[in-house]
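Novice: only the shape, not the letters, is given here:
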């Protein structure tokens, strides 16, 4: 597995960092860390997919991002002054990570400016995605947002998307009731199939036409 955060680093340095990491395994539904926890480590995702979730002011839980193999998660708490996790991370399937401690991460940033360059690009990408999602929430109806998320997820998972409706609602910025209504409508159209805990996309072209 190659992680983007190591791009440009000497292989000897990468091997040293990985040798000092701890391998962790998480079952589906297991939490890597909780929102509000002290952040002393970051995770290099080697296998599986992870949902990043935040709690709203009303006590509801929203999925705001998916983290994939080759990505890094948990670095924000190591960069912030308070060092507190701003979100929870939950494994959506059997997941493996390599855990890097705060001191090792600080040494990486100190010894090689390319690590900081990567972090700037990473954070800029997240800000760009959040801005796009905000504009969608302001100007696009919920059904269009959901169709766009389904197409994006189909690119990640293939045609079978193993996410529950609460996760889809969080990613689309809407309610579970709206997700259920839209999915049932698409089921009647024959563009997708619904099974327990997963959605199967049958007609991407039709979904794409109505997500514009």
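Specialist: Looks like it arrived, so ask away. What you see is a predicted model; the values in this text were computed from it and never measured.

Novice: how about the strands in this protein?
Specialist: 22-26, 31-33, 41-47, 50-55, 61-67, 72-73, 88-91, 95-101, 160-161, 192-195, 198-201 (DSSP state E).

Novice: geometric centre of this structure: which residue is closest?
Specialist: A centroid search over the chain (CA atoms, centre = their mean) returns residue 66, at 1.7 Å, as the residue closest to the centre.

Novice: and it, what does it touch?
Specialist: 49-52, 92, 153, 156, 171 (CB atoms under 8 Å, 6 or more residues apart in numbering). (Glycine included, C-beta is placed from N, CA and C.)

Novice: mind checking which of those residues are buried?
Specialist: Burial by neighbour count, 16 or more other CB atoms under 10 Å: within the contacts of residue 66 this picks out 49-52, 92, 153, 171.

Novice: that older thread, quick one, which of the strands of the chain is nearest to residue 8?
Specialist: strand 72-73 (14.8 Å; CB to CB).

Novice: what's the average pLDDT for the closest one?
Specialist: Average pLDDT, strand 72-73: 93.

Novice: so which elements touch it?
Specialist: strand 41-47 (3 or more CB pairs under 8 Å, 6 or more residues apart in numbering; DSSP states H and E).

Novice: list the buried residues in the strand it packs on.
Specialist: 41-46.

Novice: with stretch 190-204 instead?
Specialist: Applying 16+ other CB under 10 Å to stretch 190-204 flags 191-192, 199, 201, 204 as buried.

Novice: buried residues in stretch 52-72?
Specialist: 52-53, 61-67, 69, 71-72.

Novice: let me know the closest of those residues to residue 88.
Specialist: Using CB to CB, the buried residues of stretch 52-72 come closest to residue 88 at residue 53, 4.8 Å.

Novice: in contact with that closest one, which residues?
Specialist: Contacts of residue 53 by CB under 8 Å, 6+ apart are 35, 61-64, 87-90, 170.

Novice: which of the residues you listed lies closest to residue 12?
Specialist: residue 89 (30.1 Å).

Novice: quick revisit: out of the contacts of residue 53, which is nearest to residue 125?
Specialist: residue 64 (14.0 Å).

Novice: if I pick the closest one, what's in contact with it?
Specialist: Counted by CB under 8 Å, 6+ apart, residue 64 has contacts 52-54, 87, 170-171.
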